[in-house]
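Participant: model this:
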Amino acid sequence: MHPTTEEMIKNTREQFQLNDFYLESFDLIKQDDDQIALSMNWLPNGAIKEGDSNPAGAVEISVDIHTKMLIDMVFVDEKNLLPEELFPRVDNLEAVIDWIEGQTQLEYGRQFKLVKETKEAIEFHAAVDNMKLFPGGVIRIHFNEAGILSSFLVHGAFADESQIQWEPFNLVDEAVHPLLTDHCKLIEVPDESTNSWKPLYVISSFLIHNQDPNSIIYFDEVENNLSYTPLDITLTWQEPLTEPFEKKELHLQRTVTEEEAFQNKTAPIEAKPFSNDKINQIVIEITNMMRREFPSDSGFWRLTSVKQEQGYILASLAPAAETRKVVYPSLTLWIDPDTLEVNNYMDTKPLVEAFDFFEEAEAPKVDTDTAAKLLYEHIELEPVYVYNQQTKMYQLYGKVNSDIYGVDAITGELSTINE
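Facilitator: The predicted model follows:
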């Protein structure tokens, strides 16, 4: 066992007073954001693991190997057998915040804020001086029926003041108004009460630069890494290929060795945009896979994006013909980054087929301008700090949302969505 692993296990045992527990197993897991966690399974003395499941009362703990901070803790079946004085209770928010600050070394009000509080759970989001980050981190803490902590999770990015480009928030609702018509979209949602598709107008969310209302960016650009490349390439071929496509097993949860973890052998490959040559090669490999697996679908699919993620290149395919339906055929392909061959794919066909018997939507009787004017009264313009992957700094934007309301394209009535 590596000395660092041994020290972290020892510190975890002491910190949470696991004297009546034994360490059943541990792994070093590489997370989505290339964070590496020491994941430990602690079982009560005398308890035995049954198959892949830990017994009630076991505690699963993950610690970041670099910061040594707790990032995940789960008590199996919500049975917390550790000393009660180690944890805050659900009815004492101040104690909960103090405990989180101690575990994360983050400061409440300056680096995270409260967004939700119930008898079962409390949730916080990353923020700087109570202003949200996007994309940002989340802290969730759950409690069992007795009000005792049953799970804790820290995930995503948090920032401090040194990463913020400070400026007053200048945007007002009137700056958003001219943009709403362009972002008012007609969609079709399944209405189970009538077994038909219902046409709705909604505002698609976007971000406006604080200093330049004409500068707009979209969530995909911010939430994905620099390798994310939007595309619009229809896939066509003359003849199918007779050789069958064989799926390969995916390795999405990557366990690393102690040598890899502690000798910097797991440094991530910097995500960067794909070259045109590489995209052309990817298109060739995807087309060859489609010729084997979907030989009759020439011209049906288009490649909409590629990105580097989880050790693979992920490609997204949608129908070449535009659709307003929110549930539509799509494919996600996992591609080997070295050979560029497609290893596996996920198909939404089973979900789409569940709505095959739904009647088609009626033609809209309300125009876009009318719907946009109705929705204007219900938009939310929220100041958020948006991460710039190139400068590694957060810049102030206005986040425009109207995802609670939609306008019925037949009656013109305003209604809540997913009520």
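Participant: Show me where the protein has its helices.
Facilitator: 3-15, 93-104, 173-183, 219-223, 258-262, 276-293, 349-353, 368-376 (DSSP state H).
Participant: got these as a markdown table, with distance to Asp336 and mean neighbour count columns?
Facilitator: (Glycine included, C-beta is placed from N, CA and C.) Listed next are the helices of the chain as a markdown table, based on distance: least, CB to CB, whole Å; neighbours: other CB atoms under 10 Å:
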| stretch | distance to Asp336 | mean neighbour count |
| --- | --- | --- |
| helix 3-15 | 31 | 14 |
| helix 93-104 | 37 | 16 |
| helix 173-183 | 37 | 15 |
| helix 219-223 | 24 | 14 |
| helix 258-262 | 20 | 16 |
| helix 276-293 | 9 | 17 |
| helix 349-353 | 24 | 11 |
| helix 368-376 | 44 | 18 |
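Participant: So which of those helices is nearest Ala56?
Facilitator: Of all the helices of the chain, helix 3-15 sits nearest to Ala56, with 20.3 Å by CB to CB.
Participant: Not counting that closest one itself, show me its contacts.
Facilitator: Here helix 3-15 makes contact (CB atoms under 8 Å, 6 or more residues apart in numbering) with 18-19, 21, 23, 26, 28, 38, 40, 61, 63, 65, 68, 258, 262.
Participant: What subset of the residues you listed is buried?
Facilitator: Neighbour-count burial (16 or more other CB atoms under 10 Å) is assigned, among the contacts of helix 3-15, to Leu18, Phe21, Phe26, Leu28, Leu38, Met40, Ile61, Val63, Ile65, Phe262.
Participant: shouldn't the second one be in contact with Ile61?
Facilitator: Read it as Phe21. No: with contact defined as CB atoms under 8 Å, Phe21 does not count as touching Ile61 (10.2 Å).
Participant: got any residues that touch both of the two?
Facilitator: The contact lists of Phe21 and Ile61 share Trp42, where a contact means CB under 8 Å, 6+ apart.
Participant: where does the chain dip in pLDDT?
Facilitator: 32-34, 253, 264-270, 418-419 (pLDDT under 70).
Participant: can you list the domain ranges for it.
Facilitator: As recorded under automatic domain parsing, the domains making up the chain are 3-160, 165-259+272-419.
Participant: where's Leu180 relative to Tyr345, distance?
Facilitator: 37 Å (CB to CB, to the nearest Å).
Participant: whoops, Leu86 was the one
Facilitator: Using CB to CB, Leu86 is found at 46 Å from Tyr345.
Participant: Of the two, give the one with the bigger neighbour count.
Facilitator: Each of Leu86 and Tyr345 has its neighbours counted (other CB atoms under 10 Å); Tyr345 has more, 19 against 12.
Participant: circling back: and which of the buried ones among the contacts of helix 3-15 is nearest to Leu340?
Facilitator: Of the buried ones among the contacts of helix 3-15, the one sitting nearest to Leu340 (CB to CB) turns out to be Leu28, at 28.8 Å.
Participant: what are the bridge partners for the closest one, then?
Facilitator: Leu38, Val256 (DSSP bridges).
Participant: need the contact list for the closest residue to Lys248 other than its chain neighbours.
Facilitator: Sequence neighbours aside, Asn343 is the residue nearest to Lys248 in space, at 4.2 Å (criterion: CB to CB, 6 or more residues apart in numbering). By CB under 8 Å, 6+ apart, the contact set of Asn343 is Lys247, Lys248, Leu250, Tyr312, Trp334, Ile335, Asp336.
Participant: For the last one, grab the count of nearby residues.
Facilitator: Burial measure for Asp336: 15 neighbouring residues, criterion other CB under 10 Å.
Participant: Quick check: it touching Ala315?
Facilitator: No: the criterion here is CB under 8 Å, and Asp336 misses it with Ala315 at 11.8 Å.
Participant: Return the set of buried residues in stretch 246-261.
Facilitator: Arg254, Val256, Glu260, Ala261.
Participant: can you tell me which residues contact the last one?
Facilitator: Read it as Ala261. Contacts of Ala261 (CB under 8 Å, 6+ apart): His2, Leu28, Ile36, Ile65.
Participant: Now flag whichever of the residues you listed is closest to Lys132.
Facilitator: Ile36 (27.1 Å).
Participant: tally of neighbours for the closest one?
Facilitator: For Ile36, using other CB under 10 Å, the count is 18.
Participant: And it, how far from Ser415?
Facilitator: Ile36 sits at a distance of 47 Å from Ser415 (criterion: CB to CB).
Participant: In the sheet, which residues pair with the residue nearest to Leu331 when sequence neighbours are not counted? Tell me.
Facilitator: Nearest residue to Leu331 in three dimensions, chain neighbours excluded: Leu317, at 4.1 Å (CB to CB, 6+ apart). Going by DSSP bridges, Leu317 is paired in beta bridges with Leu303, Leu331.
Participant: show me the contacts for Asp408.
Facilitator: Asp408 touches Lys198, Pro199, Leu200, Val366, Leu414, Ser415, counting by CB under 8 Å, 6+ apart.
Participant: Out of those, flag the one nearest to Glu78.
Facilitator: Closest to Glu78, out of all of these and judged by CB to CB, is Ser415, at 37.5 Å.
Participant: that older thread, among the contacts of Ala261, which are in strands?
Facilitator: Leu28, Ile36 (DSSP state E).
Participant: of all the contacts of Ala261, which two lie farthest apart?
Facilitator: His2 and Ile36 (12.4 Å).
Participant: So which residue is dead centre in the protein?
Facilitator: Nearest to the mean C-alpha position of the chain, by CA atoms, centre = their mean, lies Glu223 at 8.1 Å.
Participant: For Lys373, see how far away that one is.
Facilitator: Per CB to CB, Glu223 is found 30 Å from Lys373.
Participant: Pro337 too?
Facilitator: Separation of Pro337 from Lys373 (CB to CB): 48 Å.
Participant: Next: Glu382.
Facilitator: Between Glu382 and Lys373 the distance is 21 Å, computed by CB to CB.
Participant: same question, Phe87
Facilitator: Counting by CB to CB, the gap from Phe87 to Lys373 is 51 Å.
Participant: cool, and Asp403?
Facilitator: From Asp403 to Lys373 the distance is 18 Å (CB to CB).
Participant: Let's have the helices of the chain in a markdown table, adding distance to Asp77.
Facilitator: Shown next, in a markdown table, are the helices of the chain (distance: least, CB to CB, whole Å):
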| stretch | distance to Asp77 |
| --- | --- |
| helix 3-15 | 21 |
| helix 93-104 | 22 |
| helix 173-183 | 46 |
| helix 219-223 | 34 |
| helix 258-262 | 30 |
| helix 276-293 | 42 |
| helix 349-353 | 31 |
| helix 368-376 | 45 |
